[in-house]
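Participant: build me a model from this:
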Amino acid sequence: MDPRPIALNGPLLEVREVDVFYGDIQVVWGTTFQVQEGEVVALLGPNGAGKTTTLRAISGTLRARSGRIFFQGKEITQTPPHRIARLGIAHVPEGRRVFAEMTVAENLEMGAYTPLRESRGRLQENREKVFELFPRLRERQRQMAGTLSGGEAQMLAIGRGLMSNPRLLILDELTLGLMPRLIESLFEAIRVVNAAGVTVLLVEQNLDEALSLATRAYIMEAGRIVLEGKGQDLLGQPQIRKAYLGI
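Facilitator: Residues are numbered from 1 along each chain as shown. Presented below is the predicted three-dimensional model:
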């Protein structure tokens, strides 16, 4: 274990030399990166690069075999997922995963379970903010989540994550399978969320939109970080083509 303390004024999130396995199969190798307060950081790469696995290790749904993960200066490497959520990390996983047999309003309320001290008034305030961000959800609030379109379900998944007032919002495949018109509106929503003070870490296949949005980006290939830089600077890099297409 690395004995160095992390500075209190350091990054909001630090992933330090993390290895992650599925059983005996190693998927992530010595991954190290940082997310500063207020940034949008993109974690990009081809399918199977280890991006989703890395996000799961941060949110605690997978345990890192070695290495350390810090949030707000506290180590969370072995912290259970529900406690990580209470610290201020909201993870919107790949595939939406809304509660199909609950209404839109009930799904949003489920997202607010983490701060148990929150008043009913605060819950209503957070829900109103989500409705302002995604007016379609206000129209659908009594509708069963399982009957929503793919775009509406993604709005709901993001809104549910925002109900806990996170400091860090983790988004896995924000726009997968959605039409271009919806993709544009979702990225605009993330800009609004970030401008309101929420730090964002996202995995995304839409390269141009992700790099245009991101303050900085890291490129993963075969479980390792192979490139990093400012989002705009990476747009024209040939290594990006190699990371995505393997050529």
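Participant: from Met179, how far off is the residue positioned nearest the centre of the chain?
Facilitator: By Cα atoms, centre = their mean, the chain has its centre lying nearest to Ile170, at 1.3 Å. When Cβ to Cβ, to the nearest Å is applied, the distance between Ile170 and Met179 equals 24 Å. Every C-beta, even on glycine, is put in place using the N, C-alpha and C of the backbone.
Participant: one step back: host element of the residue nearest to the centre of the chain?
Facilitator: Using DSSP states H and E, Ile170 falls within strand 168-172.
Participant: direction included, what does that strand pair against?
Facilitator: In the sheet, strand 168-172 lines up against strand 89-92 (parallel), strand 199-203 (parallel) (DSSP bridges).
Participant: helices or strands next to the helix or strand just after the last one in the packing?
Facilitator: Scanning the chain past strand 199-203 towards its C-terminal end, the next helix or strand to appear is helix 207-213 (assignment: DSSP H and E). Helices and strands in packing contact with helix 207-213 are listed as strand 40-44, helix 180-195, helix 231-234; criterion 3 or more Cβ pairs under 8 Å, 6 or more residues apart in numbering; DSSP states H and E.
Participant: including distance to Glu125 and mean pLDDT, could the ones you listed go into JSON lines?
Facilitator: Converted to JSON lines, the helices and strands packed on helix 207-213 look like this (distance: least, Cβ to Cβ, whole Å; pLDDT from 0 to 100):
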{"stretch": "strand 40-44", "distance to Glu125": "24", "mean pLDDT": "95"}
{"stretch": "helix 180-195", "distance to Glu125": "16", "mean pLDDT": "92"}
{"stretch": "helix 231-234", "distance to Glu125": "32", "mean pLDDT": "84"}
